[in-house]
Every structure is written in C-alpha cells, then in structure tokens.
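>>> Give me a model of this one.
(chains A, B and C)
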Amino acid sequence: MSQSSLEFTFDDQTITAISGQSIGAALLAANQRSLRKTRFNNNDRGLFCGIGVCFDCLVVVDGVSNQRACLIEAKPGMKVQRQVGSDA
Amino acid sequence: MKNPDAIVIGAGVVGACSALSLVNAGLKVLVIDRGAVASGTTGAGEGNILVSDKEPSPELTLALRSRDAWFELNTDIGGGFELEAKGGVVISRSQSGIANLKKLSAQQASCGIKVVELDAKGIREIEPHISNSVEYAVLYPQDAQCQPMLAAAQIMRAVRKRGGAFIQGENVESINTKSGKVIGLSTDKATYQSPIIVNATGTWAGAIAELAGSYLPIMPRRGFILVTAPAPKIVHHKVYDADYVANVASSDADLQSSAVVEGTESGTILIGASRERVGFQSDLDVAVLRQLARQAISLFPILSNIPLLRAYRGFRPYAPDHLPVIGEDANVLGLWHAAGHEGAGIGLAPATGELIAAQITERKTFMDPTPFSPKRFKQESNVAI
Amino acid sequence: MHNVVIVGGGPAGLSAALAAAAAGAPVLLIDSNPRLGGQYWRMPSDDVGQQGEQHFDLETGLILINAVKARKEIEVLSGAQIWSATHKDGVNTLRVIQNGAEKIINTKNLILCTGAYDRTLPFPGWDTPGVMTPGGVQSLLKGHGVLAGKKVVVAGSGPFLLPVAAGVVKAGGEVVELLEANNSARWLLSPFVMLENVGKLKEAFYYVKTISQVKVRARFASAVIAAHKNSEGNLESVDVATIRGNFKIKKVRNVKCDVAAVGWGFTADTSLAGALGCKQIVAKDGGVVVSADGNQQSSIPGVFVAGEITGIGGAELSMAEGVIAGINAAKFVGCKVEVLKAHRKRRAKRQRFADALIKSYPIKDGWISWLNDQTVICRCEEVSVGNLKYAINELGATDSRTAKLLTRCGMGLCQGRVCGRSVVDLVASELKISPTDIDRFSAANRPIILPIPLGVLAAGE
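Residues are numbered from 1 along each chain as shown, chains lettered A, B, ... in the order given. Presented below is the predicted three-dimensional model:
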C-alpha cells in the first residue's frame, strides 16, 4: 500500500506524518513523548487517553492553544508548538 | 455546642463573615447550613469586591469599608482565598455613556473612591488586548476580587478555630419564639436554644423570616457566569461596560446583560454578568451564553479562540429597593437579617458582618445602619413585586 | 427531515442505524470520529492502512460500516462533536460542532450510543509521559499504525488488557509485563455463562495464543503502583507490586519500560444523556450509567440508549442493544416493525456474560493506599491528594462536590472525565463514609458537554 506522507513542524523540528495520522501519533512516531509543560508545576505531559477524553496532549496548532494532539489530523505545513502553561 | 449566644443560619460568605465578627466580639456562635459551606449563591459568584459599580449612597459607604475589611481579614485569618486587588476598568463606547461615566466617576471621587481617567493610549497600556473600539475608560484601583467559595470556607475555618461551631446538612424548619422574642430554632434533626438568630440565607431569607412569622421581601434574580479554559494572562483587570452599573440598578424583569470580563489567579477568565428575574428556574439557557460570549468578544476580540468550560447559574437575592437588608427584624426581637446583597454579597460581606455584630453587641457602628434596616419594608405595599 | 437521529458510530450506533433504516426510517448518524467504527473498530485513514492483525473480529465491523455507508436512508455526519444538548417539550436539541462551525439539530427521536472510555486510577507518577491508558495504546495502533513504545507494561484489570498486549506484540513491541490485579481466571467461576458465550472464549484464546507465542506470562494479583521518569521527563520504569485481594501492597519491585498502559475497565460517557435529562443510575461497579427499559428507551420518551452507556458490557452486547434500540426508534416514528424474541434472547445472553465479567474484575479501594499527599489526582488542574485532604480536614468539605469546588479538582478541560470517579472514592475514603449516588451523579454531570471556543458560541443563533 502506498502511503502518502506530509511534513509539519513541532517547534523548530520537521516531523513527517502519514496522511490521516493525528499530530500526536506522528509526534510519538518521531519519539516526541512530551508535548507540553503544565501551568502550575511546569511538568511534562504527553499522550494519555489517546482518544480525546483527557485533554493532556495539548499543543498549540497554528497559533491556537489547547488543541488535542491525539484528535487533530496532521496537515502539510502545520505549525505545531509545545504548549507551555496555556500558551506557546 | 450548648446554649450558643447566637446562631447564624447560612454558611455563605455573609453568614461566615457575620459569624466571624460575632466570634471576634466574644460570643459563642453556632453556624447551621442545610448544605455544605458556600453551597448557595456564594458558590456561584465571581467574587466581586467592587466600589466602582456603586453610586454615592449608603451602599457605597458600606462597600468602601468592606473593601478594606477584606484586606484586614486576609491578614487576620491567613489568606488562602486568592484575594487580589486587580483593579476595575469601566469602559463606555457611546457619547452619552462616556458623559455619564465621567459624571459618575467624578461623584465617586468626591466620596473618596480613587479614580483614574484613561484615554485610548492609557487603556492599551494596562489592557493591551482590548478592542480598538474602546477609547475611554476609568480605572478603579480599589476594585478587588477573591475566590468566594474559598473565602467562605477559610472564614468558617477561622470561626471554628476561634471557638465557633459549624453544623452542615441540617435544614431549619422552625424559628422558635416566645412573646415576640427569639428563643431558638429547630432543624430536621435537633432543637437549639439561643436568644439571637442571624438570618444569612441570601435568596432564601424571606422563607426564614416567614418561619418566624415575619416578612422580608427578598427575591431571586438569575445570573449566569461563563468560565473559560485556563488562558494566558490576557485580561489584567476586571473590565466592564458602564451599562453594567445601570443594569445592577434595573428593575426590568427581562434579561439584562452587559460585558464583564476578568482574568483570575487560576488562569480561567470569567465572563458575566446577566441578570433575569425568572424565579428559581435554572435551565442552561444557551441564548444567554451566546449573548455573554458576544459581549465579551466585543471587548476582547482575542477571546474568540478561548474555549468556554463551564457556566454557573446563581440566584442573586435582591430587595425591592436594591439595598441590602442588615438589621433586626421589624416584628421579632432577636431575629437579625443579613441578606439581599444581590450581586454584591461577596464584596459587602465583611462590613455586613461588622454591622450585624456591632448592633447585636450594642457597640458603636462604623456607619449609620438605618438605611439597611428591615423595618423599612411595609408588608402591605411590597407583596406584589 | 430525519426521523431517527443516532449519536455514536461504534458497535451500538452502527447496529441501531442499520436496524432503524431496515425498518424504513431515515437516519442521521452523528459520529465524533473522522471514520465510523468507534473505539472498538477504530479505523485508520487509507494511507495509514488497515491494521487487520490488531482486531479479532474486524470482519463484523467492516460489514456494518460498509452496510451503513451503502444505505441511502442513512446520512452520516462524521467528525461532529456535540457541545450542548437540551430537551424541551418533547424535542431534543443537539448543538453540534463540525469543522469549526455549529449546526443545530432538533429531533423527537434519538438513540444515544456514546460509548465509554478507559477507567483510570491515579498513582504516583501517572502523569508522566509514557504512562497511557490501554485504549490510548490501542487507538494509536489501530487508527494510526504507531506503536506507543518498545518496552511496554500492560496492567490494570479486565479482559481488555489481553487485546492490548496482543496488539503490542503483533506490532513488534515487547510486552515486558502483563499484570492483572485480580486473581487468575475468575470468570471461569461462571461456566454456564461461558458456555453460552463460546465466541468470547474463542476471542480470549486468540489473544492468549498471540501473547504466549512470545512467552509473555501474565501475572495475577499484581499492579503498577508508581511510575518514575528519566532526566528528560519521560517514563523510565514503574514500580510493580504484588497485591492482596483488597489491593493493598504486599511486595514491590521495579521494572524498566518506556510505556505503561494501565487501565481499570471502562467508564460510560453519559454526559450527553445527562444534559438531556435522561435518568441515570449507579451500576454495580460504581460507574454512572443511563437507565434503560426493555425497549432500550431512557426515562425520556423517544430517547433510546444502547451500548456501553447503559452499562459496560462489550461490543456484542452493544450490538444486541443497538438493534433493539434501532427497531424501537423506528417503531416510535411510525414504522411497522417489532423487536423479535431472538433479539431479546441475544441481548439477555450477552448481558449475563457482561454481568459475570463485572463480578470477576472488581476494583477494591486498597488502591487508595498507593497514593501519597503529593500524588496528582486532577491532571488538568494539578490538584494533589494533599490539596483534597486540606479541603476536607481544614476547610470542612463533607462531600466530593464541595471538595471539588474548593480545590478545582475535576474542573479543568477534561471536566472531570478522568479523575471524577476517583475523587468521589477518595473523598469518601478520607471522610470514612460511603459515596452517595448524588456524589457520583454530580461527578458525571456536564451541562456543557465539551469546551466550545467562545467565537463559535458567539456566532451561533
């Protein structure tokens, strides 16, 4: 089966995803486990429930924060940033 | 607790402050709430401690004292309720509104309120994300905020530490009187003797007065508050439209709403405040949510991408003349009311407690309490409202 | 005009849609995922490609999905999330967000098949990247073709751990430990139920075979009780304990891994049903579910419910309920159709199996002894066990709702979906009382079902 791939950025890193993959899945495939820092204790967080329930995999997508990496499909040229607190 | 000197009904912020003032005055105080601490109107408020929305009046005198009392209280009991002197910014976008705001703030200044006029540039220096349409505002540095549930809970903690008692989950079913004087009350579980009862039950204060065979015209007005997801610090003050002041004083039954937007210490942004007189009807009214969202975005367009997380519905207790009721009942001796603060209960609570305690213990009050006396209501004339 | 609106495109929703359509009712099927199938038959994009070896019974799923797509009477609204719903005068209003815009759907006839998500229990370090739910690990595999880690510990309780462990093995990962908190083979206690559900034995055998081929040995009466991070903040190892019947710790050892998939069965997602006002009840496992009568009708006439939201019971029970709900909803809108005895019999058989399972995998409150005051309970708002204890012991909270409001526990973006249930148990444990149904309903109550951007809210009518 032919897989069409695409590229997006996570902070200053270029990530390759298969078309249809979520941002979170593509980041994990690229061994990016920590996706954000929490707003009170500055702790690392990553994918947890994987199905949009827990809101732990929050990233900033094209400038909009609080986006669930596990749900949002990766698109070519997307600018994804690690969320620190409530912002990029 | 055996034979308390006073029983306070209601562990909202007004009840808690009344209890603390009484305990501080040396009384043995028992607080009874049918639910948990702050489970009524206190738990559904923003935590406003405002002087900016008061016109020169006895209520403003009360508000000014109360604002300072909050900060004294914070030091006294050791904080823990996110008290913050964030300051209020009142804006207006119409010629007539600006004129009214200028007039009001000048009057307020003459009563001792600090006011700072801001032009378009000045506003942007303190609120960089405010809409371009805002060109005039007044900053009220004294306006403050707290987390009201935590405030009530921390004050109740202090009451207990200072010898007071607190019973949760008992519903008052009768106020016991003898020859026109309070002798105690009975709940669904027990009977308590006390010569003094403080009715701090907010929206339900009328029902307690009725149990004692008296009368108090306190009615509910529904208010919604939207709470957003945690957001970066984009709103630095309590920012609201001058229409809000007109709104608070309004007697219309329809939905009243004007944008009130503020950031909190926990990162959420609060958006209020709507007021409707719909009795105790508490459905989630999406039309109200939409209106509040539109008004908030018109003040801060950047809010468009911030998600709404919760909506509080609270019932604000109000009297026909929109003044709080603080004082002894017109008919029953020993029954004291501390209720009817409408949307200002959090802000006015400490001074209310001081007024109640001073009158009960027959000490000097910091202001003349007559305007707040329950004796101002004549049963016949107000029943229809 | 759609006569029957169905929410959820998993086993229950697909079955309900087909049954209602077969009876002649036009159907609108609203699904939050981009592709039908639900969590159970999570479908990847064409480019990712079908992860066939990840499913025991993919055929059934594909048959249902293709049948739904082929039926003219069924319109599918994919990637559509409902943020608010209300019921008034017999009409249900659903406010749906799709592609960033809001749609309002009014209907008198509704079938809710909103499913369930992994139940989690807090433990020290459970917020470390690398600690996941089993469902999360599986959805990465099935839906995205991504293996969550190289060395995986699968732990918790319940039969769902088996397919997740098998999935990791089939995708080339190493399952370093497979840990079931309860004692071995408890479900064989109900041989009659097993015999009448022999298909389930085949399924279990399929997974056991996969796992045993690579010599993964399942350990019973064992649990992951803490997670540790490396200098980069990612999962490095977990503490594994042998535990007693009440889940209290006997002996602890450390196990290196890069992913720990830890789950304790499922929690029904009743938010939508609750917002409409459907009566909810507390199930035997303490979870809140929606009450349904024999016709799968909720307490609101015309609102039917099927699948996990009526009680955790697995895909086959969900399908059996979905068919009955679909037929009754069609009947409700005037189609001439009746539920057959065979439908009811199938549902009853699957229900007995589900009941036996719940009995076999109890969660005992000894898990609370794994926590310390620093342990995070609410992941969103970073509220710790110590914060909750302060609210109870110093601030006088006497119920979980008050404890929550005084600490922000469960008031973050997930709206208490993750910690709500545990908080109720924890607060009750600290107060030395039993949780009330009111506490449990309150923890599952979400009038705003999903956070909605203010701009989208403002643009709506």
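>>> residues touching residue 79, list them.
You didn't say which chain, so I picked chain A. Contact criterion Cβ atoms under 8 Å, 6 or more residues apart in numbering or on different chains gives A:8-9, A:61-63 as the residues in contact with residue A:79. Every C-beta, even on glycine, is put in place using the N, C-alpha and C of the backbone.
>>> my bad, the chain I had in mind was chain C
Applying Cβ under 8 Å, 6+ apart to residue C:79 gives the contacts C:31-34, C:98-99.
>>> now swap in residue B:367 and tell me
Taking Cβ under 8 Å, 6+ apart as the definition, contacts of residue B:367 comprise B:58, B:61-62, B:65, B:355.
>>> Which of those sits closest to chain C?
Proximity of the contacts of residue B:367 to chain C, judged by Cβ to the nearest Cβ, is greatest for residue B:355, which lies at 25.5 Å.
>>> So which of the contacts of residue C:79 are in strands?
residue C:98 (DSSP state E).
>>> on contacts alone, who are the packing partners of the top helix by length along chain C?
Longest helix in chain C, counting residues (DSSP state H): helix C:341-360. Using 3 or more Cβ pairs under 8 Å, 6 or more residues apart in numbering or on different chains; DSSP states H and E as the contact definition, the elements that helix C:341-360 packs against are helix C:191-196, helix C:315-332.
>>> go with 10 Å
Helices and strands touching helix C:341-360, as assessed by 3 or more Cβ pairs under 10 Å, 6 or more residues apart in numbering or on different chains; DSSP states H and E, comprise helix C:191-196, helix C:198-213, helix C:315-332.
>>> State the helix or strand in which the residue sitting nearest the centre point of chain B lies.
Nearest to the mean C-alpha position of chain B, by Cα atoms, centre = their mean, lies residue B:345 at 1.5 Å. Per DSSP states H and E, residue B:345 falls inside helix B:345-360.
>>> Give me the buried positions along that helix.
B:345-360 (16 or more other Cβ atoms under 10 Å in any protein chain shown).
>>> Nearest to chain C among those?
Using Cβ to the nearest Cβ as the measure, the one of the buried residues of helix B:345-360 that approaches chain C most closely is residue B:346, at 14.7 Å.
>>> dump the residue contacts of the residue in the stretch 251-400 of chain C that chain A sits nearest to.
With distances taken as Cβ to the nearest Cβ, the stretch 251-400 of chain C approaches chain A most closely at residue C:382, which sits 4.6 Å away. Going by Cβ atoms under 10 Å, 6 or more residues apart in numbering or on different chains, residue C:382 touches A:38-41, A:43, C:127, C:376, C:408-409, C:412.
>>> before we move on, the earlier item: is it true that the residue nearest to the centre of chain B touches residue B:13?
Yes: under the criterion of Cβ atoms under 10 Å, residue B:345 lies in contact with residue B:13, with a separation of 6.3 Å.
>>> what are the bridge partners for residue C:263, then?
Note on residue C:263: beta-bridge partners by DSSP bridges are residue C:156.
>>> Could you check how many residues crowd around it?
Here the neighbour count serves as a burial measure; for residue C:263 (other Cβ atoms under 10 Å in any protein chain shown) it reads 26.
>>> quick one: pLDDT of it?
The predicted structure scores residue C:263 at 98 on the pLDDT scale.
>>> how far away is it from residue B:167?
Distance, residue C:263 to residue B:167, by Cβ to Cβ, to the nearest Å: 42 Å.
>>> again with residue B:199
Between residue B:199 and residue B:167 the computed distance is 16 Å (Cβ to Cβ).
>>> Settle it for me: which of these two has more neighbours?
Relative neighbour count places residue B:199 above the other of residue B:199 and residue B:167, with 33 against 17, counting by other Cβ under 10 Å.
>>> and the gap between the residue in the stretch 251-385 of chain B that chain A sits nearest to and chain C?
Each residue of the stretch 251-385 of chain B has a distance to chain A, by Cβ to the nearest Cβ, and the smallest belongs to residue B:305, at 5.0 Å. Distance of residue B:305 to chain C, computed by Cβ to the nearest Cβ, to the nearest Å: 6 Å.
>>> buried ones in the longest helix of chain C?
When burial is assessed from 16+ other Cβ under 10 Å, helix C:341-360 yields the following buried residues: C:343, C:346-347, C:349-358, C:360.
>>> what's the neighbour count on the residue nearest to residue C:322 when sequence neighbours are not counted?
If the residues on either side of it in the chain are set aside, residue C:322 comes closest to residue C:15, at 3.2 Å by Cβ to Cβ, 6 or more residues apart in numbering or on different chains. Other residues near residue C:15 number 28, with proximity taken as other Cβ under 10 Å.
>>> where does the chain dip in pLDDT?
Reading this off chain A. For chain A, the stretches flagged by pLDDT under 70 are A:1-2.
>>> The chain in question should be chain C.
For chain C, the stretches with pLDDT under 70 are C:1-2, C:52, C:184-195.
>>> what's the domain layout of it?
Domain assignment for chain C by automatic domain parsing gives C:4-117+C:267-339, C:120-263, C:371-443.
>>> now for the ones you listed, which one comes closest to residue B:225?
With respect to residue B:225, and counting by Cβ to Cβ, the nearest of these is domain C:371-443 at 13.5 Å.
>>> how far does that closest one sit from the chain's center?
What separates the centre of domain C:371-443 from the centre of its chain is 21 Å, taken as Cα atoms, centre = their mean, to the nearest Å.
>>> quick one: terminal-to-terminal distance for that domain?
From the first residue to the last, domain C:371-443 extends over 21 Å; the measure is Cα to Cα, to the nearest Å.
>>> And for stretch C:327-345?
Start to finish, the residues bounding stretch C:327-345 are 15 Å apart (Cα to Cα).
>>> which parts of it are buried?
Counting neighbours by 16+ other Cβ under 10 Å, the buried set in stretch C:327-345 is C:327-333, C:335, C:337, C:339, C:343.
>>> any idea which helix or strand comes after the longest helix of chain C?
Proceeding N to C from helix C:341-360, the next assigned helix or strand is strand C:376-378, under DSSP H and E.
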